[in-house]
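> Have a look; sequence and predicted model below, questions after that.
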Amino acid sequence: MKIINVVGARPNLMKIAPIVAELSAYPQVQQLLVHTGQHYDDNMSAIFFRELGLPEPDIHLGVGSASHARQTAAVMVAFEQVLLQQRPDLVVVVGDVNSTLACALTAVKLHIPVAHVEAGLRSFDRSMPEEINRVLTDAISDWLFTSCADANENLRREGVPESRIFFVGNVMIDTLLRHRDRALERDTLRRYDLVAGYYGVVTLHRPSNVDDQDSLAGIVNALAEIQNHLRLIFPMHPRTRHNLQELGLADCISALPNVTITEPLGYLDFLNLMSNARLVLTDSGGIQEETTILGVPCLTLRPNTERPVTVMEGTNTVVGTDRQRIVEASLHILQTGGKQGRRPALWDGHAAQRIVATLLKAELNDEHIALD
Ligand code: UD1
């Protein structure tokens, strides 16, 4: 059985790592890792390979940054050549980035079955590029591996047959649980002069937040207020750094005395920072899940989330992007300690095992790997 695993952007790396590790235990499986090159900086890609023990990609498509259409098309053209040469039995895609959709679409058009890991998440907000990627990838994938019960419901509502839906848990949490101890051994806090429990972590990169002057200015104003009460550390995504400069807000934020801006951090330092934080402010999807497992209060600076289980069962609160609301919610956490939360079902570190067991069982039973 020959499997191609696909990665493109930073959050794909934490999701694919446990699957690659699990597959490597089966000598009957030949696996190849393809990196589209959607993310390419050392601190957005290579550092995660080193820290997560991922093997070097077997094939690198080197696509880089471009508009959505150009990037998606470039991945498709390059990946088609790979599929024609390699003829895998299955392509595994994870998450919701442009590379996820591009590779799934290329594979199904060549009649190669696709497994989508982290299927069924829906924000019901089609202005998000990721929502389009999620809906379309799920519509064409043969195997839909889900991380929560609401994802199963979303897929059923869209008419996906039960036989394609596999509730396996959360691969990103597999990676977190596997590396947490190692992350906590690091001297991250000392390097940034932070004290556990006395700082907040900020991340921002959603186009709806950082591409628009009013939204970005509102969030910067909120941070300016919060840092009067709590030291903040802000590892900055390249899109955000670029836009703060373009929109004339870079000087405002760098003048804030209690905000430390850093380059994007590696997996272990960032996990250490989250684990010891009083509070996390973010517009990331994965961080909503990670803070739920770490028991750290998370404020999601978006109008919605595709991960409602982190709100219902975890430590997440969706606060939107209104300056006043963000400040009030942050101060409330400082006063009360914030939500406690519990671990969602099957976020137990064994999702990749369930995925691989499901795929190999089908192969053993001599079912055609395509489900139809
Ligand atoms: C992408 C994903 C998003 C994911 C995020 C995680 C899509 C549509 N978006 O958003 O879902 O949450 O990754 O980080 O797939 N850049 C660099 N170095 C890099 C990569 C990007 O400087 O290694 C800069 C470039 O200026 C680029 C910009 O960041 O134009 C945006 O990169 P892109 O991959 O298009 O989208 P992200 O905002 O990173």
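Cool, the structure landed.
> Tell me the gap between stretch 290-301 and the middle of its chain.
Its chain's C-alpha centre and that of stretch 290-301 lie 14 Å apart, by CA atoms, centre = their mean, to the nearest Å.
> Now look at that stretch and say if it contacts the ligand.
No. Using CB under 6 Å from any ligand atom, stretch 290-301 stays clear of the ligand, coming no nearer than 13.1 Å. Where C-beta positions appear, they are placed from N, C-alpha and C, glycine not excepted.
> Show me what counts as buried in that stretch.
290-294, 296-301 (16 or more other CB atoms under 10 Å).
> Okay, the closest residue to the ligand within the stretch 101-250 of the chain and Gly37: tell me how far apart.
Residue of the stretch 101-250 of the chain nearest the ligand, by CB to the nearest ligand atom: Pro238 (3.2 Å). Distance, Pro238 to Gly37, by CB to CB, to the nearest Å: 15 Å.
> Cys103 too?
According to CB to CB, Cys103 and Gly37 sit 12 Å apart.
> swap in Ser208?
25 Å.
> Of these two, give the one with the bigger neighbour count.
Higher neighbour count among Ser208 and Gly37: Gly37, with 22 against 16, using other CB atoms under 10 Å.
> Leu334 is in contact with His229, isn't it?
Yes. Between Leu334 and His229 a contact is recorded at 6.0 Å, counting by CB atoms under 8 Å.
> How about the residues of the stretch 1-150 of the chain by the ligand?
Residues of the stretch 1-150 of the chain lying near the ligand (CB under 6 Å from any ligand atom): 9-11, 38-41, 44, 65, 96-98, 129-130.
> Quick check: PyMOL command selecting the buried ones in these.
This is how PyMOL selects the buried members of those, with burial counted by 16+ other CB under 10 Å:
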select buried, resi 9+10+11+38+39+40+44+96+97+98+129+130
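> Among the residues of the stretch 1-150 of the chain next to the ligand, which are located in strands?
If you go by DSSP state E, these have nothing in strands.
> show me where the stretch 151-300 of the chain has strands.
165-167, 199-203, 231-235, 259-262, 279-282, 298-300 (DSSP state E, counting those that start in this stretch).
> Just checking: what are the partner strands of the first one?
Neighbouring strands of strand 165-167 in its sheet, by DSSP bridges, are strand 143-146 (parallel).
> Identify the residues contacting the partner strand?
113-120, 138, 152, 155, 160, 164-168, 351, 355, 358-359, 371 (CB atoms under 8 Å, 6 or more residues apart in numbering).
> Sort out which of these are buried, if you could.
113-120, 138, 152, 155, 160, 164-168, 351, 355, 359.
> Mind checking which of those residues land in helices?
Using DSSP state H, the subset of the buried ones among the contacts of strand 143-146 located in helices is 138, 152, 155, 351, 355, 359.
> was I right about the fourth one contacting Val171?
Yes. Contact status for Ala351 versus Val171: in contact at 4.7 Å, counting by CB under 8 Å.
> which neighbours do those two share?
Common contacts of Ala351 and Val171 (CB under 8 Å, 6+ apart): 18, 147.
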